[in-house]
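just to be clear, the model below is a prediction. Sequence and coordinates:
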Amino acid sequence: GTETTFFRGQGYGHGIGMSQYGAYGAAKSGMSAEAIIAMYFPGTTLRQLPTTLVRVLITPATAAAKLSATGGWTVTTAAGATTALPAGELTASNDGGMTILMAGNGAEVHRSSGHVTVTPVDASLIAVGGRRYRGAMRLAPQGAKLTVINHVDLEQYLLSVVPPEMPASWHPQALGAQAIAARSYAMATRKLSGDFDMYRDERSQMYGG
């Protein structure tokens, strides 16, 4: 008689994309990153993207957020006004829709209506909740709390997305394929409305700063 055998597989994440080990093996056999992408995503076309800013939700709702950087800060308000603040730790909070920034000594150094964006003047990393991030942070009042959203260039975003997926010691063409896949997935799934484009966990892609 005829027998039927069923195979069941399981893994982590969204289940969309290429096999990292498969890409590694293909790269070792001599395939380029572009060829690996074509193998896993038939019918697709590669093209360059312009410089793209992505918005990653870091903290969904908090009473206060502490940020620090090695240099001074530029604060941009919802109205587009800019203010310079000296280096040091900042604590952000929400007071009835007003974003308040306090210095490390507890003194209030900024207050404005709506969201603010804080950017290190020396392009240094911003520490939030024990992790450091590239780019700028948008602090937005939400109800009685505050959301923290990382505004970062797509290529800088990839620097924190590719390593959790693939060890840096692997073949460069496999790493290149992973970067192409991660970049494409980010662009295909990001939200174009609302305050942020993507999450920092497996709901989008793992982004640890």
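Good, I have the coordinates. Note that the structure is a prediction, hence the values are computed from the model and not measured.

thought Ala69 was touching Thr119?
No: using Cβ atoms under 8 Å, Ala69 is not in contact with Thr119; the gap is 9.0 Å. (Each C-beta comes from the backbone N, C-alpha and C, glycine too.)

these two: who's more crowded?
Ala69 (23 against 19; other Cβ atoms under 10 Å).

give me the pLDDT for that one.
Ala69 is assigned 92 on the pLDDT scale.

any idea how far the spatially closest residue to it that is not a sequence neighbour is from Tyr157?
Among residues not flanking Ala69 along the chain, Pro120 sits closest, at 4.0 Å (Cβ to Cβ, 6 or more residues apart in numbering). Remark: distance between Pro120 and Tyr157 (Cβ to Cβ, to the nearest Å) = 17 Å.

quick check on those two: which one has the bigger neighbour count.
Tyr157 (27 against 21).

is it true that that one lies in a strand?
No: membership of Tyr157 in a strand is not supported by DSSP: H, G, I helix; E, B strand; the rest coil, which gives helix.

that one reaches Ala186, doesn't it?
Yes: between Tyr157 and Ala186 there is a contact at 6.9 Å, judged by Cβ under 8 Å.

residues shared between the contacts of those two?
Jointly contacting Tyr157 and Ala186 under the rule Cβ atoms under 8 Å, 6 or more residues apart in numbering are Val54.

biggest helix in the chain by residues?
In the chain, assigned by DSSP state H, the helix with the most residues is helix 172-189.

export that one to PDB, keeping only CA atoms.
Below are the C-alpha coordinates for helix 172-189, written out as PDB (Å, rounded to 0.1, in the frame of the first residue of the first chain):
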ATOM      1  CA  PRO A 172      30.500  38.300   4.100                       C
ATOM      2  CA  GLN A 173      28.100  37.300   1.300                       C
ATOM      3  CA  ALA A 174      25.800  35.700   3.800                       C
ATOM      4  CA  LEU A 175      25.900  38.800   5.900                       C
ATOM      5  CA  GLY A 176      25.200  40.900   2.800                       C
ATOM      6  CA  ALA A 177      22.200  38.700   2.000                       C
ATOM      7  CA  GLN A 178      20.900  39.100   5.600                       C
ATOM      8  CA  ALA A 179      21.300  42.900   5.400                       C
ATOM      9  CA  ILE A 180      19.300  43.000   2.100                       C
ATOM     10  CA  ALA A 181      16.600  40.800   3.600                       C
ATOM     11  CA  ALA A 182      16.400  42.800   6.800                       C
ATOM     12  CA  ARG A 183      16.300  46.100   4.900                       C
ATOM     13  CA  SER A 184      13.600  44.900   2.600                       C
ATOM     14  CA  TYR A 185      11.500  43.500   5.400                       C
ATOM     15  CA  ALA A 186      11.700  46.800   7.300                       C
ATOM     16  CA  MET A 187      10.500  48.700   4.300                       C
ATOM     17  CA  ALA A 188       7.800  46.200   3.400                       C
ATOM     18  CA  THR A 189       6.200  46.100   6.900                       C
END
